[in-house]
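[1] need coordinates for the following:
(one chain, ligands or ions: 1)
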Amino acid sequence: MTLIVFHKTTYDADGQSLVGPLNITLDATGVTALLGHNGAGKSLFLQLAHGMLRPTDGRVEIDGQDVRETRRTRGFIFQNNVLMRRSVAQNVAFALATSNMSPSQKSERVDELLTMVQLRDRADQPAALLSGGEAQRMALARALINDPSIVMMDEPTSSMDPGATAQFEAIITAVKSAGVGFIWATHDRAQAQRCADQVIFMERGKICEDSSAEDFFRMTRSDAAKRYLNGEI
Ligand SMILES: Nc1ncnc2c1ncn2[C@@H]1O[C@H](COP(=O)(O)OP(=O)(O)OP(=O)(O)O)[C@@H](O)[C@H]1O
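    Next up is the predicted model:
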């Protein structure tokens, strides 16, 4: 079990409170969907949970350590990821540059991950030629390269068609079975219903619900989440 704990965490910009105060203990096992409409604060939550963003007040810890000191143990996939002008395999291998693996171990690891994300046959092609869905699968391979226990994902399927989305979701389910936890920001409630074990629902920078996915979809308690599920907000 990996616990991410937000202690009275806030994030302000230009004197305006954007997130928090958040007090939540999140067990990052399985898939946690971070649901909410545009602007609810999902991206800021992910960036605080990863340690990419310093809270204005309070702190975020993972297994008792400040998240900002443990970033290397997690992966992050953005909505739009930066591609290097190199091959798919080189993009994935990049994060191994400072590792003390031998070249053959590195190439085995890249091969294993490209197989997992169903891109092995594209390994030597320029990454710039990948479709949107393929580029996100490559980003997943890159996020997994250092064996993280948790991967944060910010709307990774927002530009995919239904087929590419289904393929991506199936790969996440397989990776989850191998023991990786995902915190997955999405505004797609059907996706959360298909993939999530837990749901955190946010509105206006605050957490309105934090429950198992089964409970969230069966007996939503907060008015905000009920309105969201009814398509009213
Ligand atoms: N650096 C910043 N400075 C000022 N406002 C910001 C900053 N970052 C985010 N915001 C604002 O904070 C709010 C929450 O943003 P956030 O990106 O976390 O929402 P979100 O739930 O991820 O939305 P979306 O689904 O559209 O990506 C938004 O109103 C956004 O405009």
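[2] and for the longest helix along the chain, what's in contact with it?
    When every helix of the chain is counted residue by residue (DSSP state H), the longest turns out to be helix 162-177. Contact with helix 162-177 is made by 30-31, 116-118, 131-133, 136-137, 140, 144, 151, 156-157, 160, 182, 184, 191, 194-195, as judged by CB atoms under 8 Å, 6 or more residues apart in numbering. Glycine gets a C-beta too; all of them are placed from N, C-alpha and C.
[3] mind redoing it with 10 Å?
    Taking contacts as CB atoms under 10 Å, 6 or more residues apart in numbering, the residues outside helix 162-177 that touch it are 29-31, 113, 116-118, 131-134, 136-137, 140-141, 143-144, 151, 153, 156-160, 180-182, 184, 188, 190-191, 194-195, 197.
[4] buried subset of the residues you listed, written for ChimeraX?
    Once 16 or more other CB atoms under 10 Å is used to decide burial, the buried members of the contacts of helix 162-177 can be selected in ChimeraX as follows:
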select :29,30,31,113,116,117,133,134,136,137,140,141,143,144,151,153,156,157,160,180,181,182,184,191,195,197
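[5] need the pLDDT of residue 233.
    Turning to residue 233, the model gives it a pLDDT of 65.
[6] residue 36 reaches residue 19, doesn't it?
    No. With contacts defined as CB atoms under 10 Å, residue 36 does not count as touching residue 19, sitting 11.3 Å away.
[7] which neighbours do these two share?
    By the contact definition CB under 10 Å, 6+ apart, residue 36 and residue 19 are jointly contacted by 42, 45, 202, 204, 205, 206, 207.
[8] restrict those to contacts with the ligand.
    Taking CB under 6 Å from any ligand atom, the overlap between the shared contacts of residue 36 and residue 19 and the neighbourhood of the ligand is residue 42.
[9] can you pick the most crowded of the shared contacts of residue 36 and residue 19?
    Highest neighbour count within those, by other CB atoms under 10 Å: residue 45, with 30 neighbours.
[10] could you point out which element follows the host helix or strand of that residue?
    Assigned by DSSP states H and E, residue 45 belongs to helix 42-50. Note on helix 42-50: by DSSP H and E, the next helix or strand toward the C-terminus is strand 57-62.
[11] quick one: low-confidence ranges for this structure?
    Judged by pLDDT under 70, the chain has its weakly predicted residues at 233.
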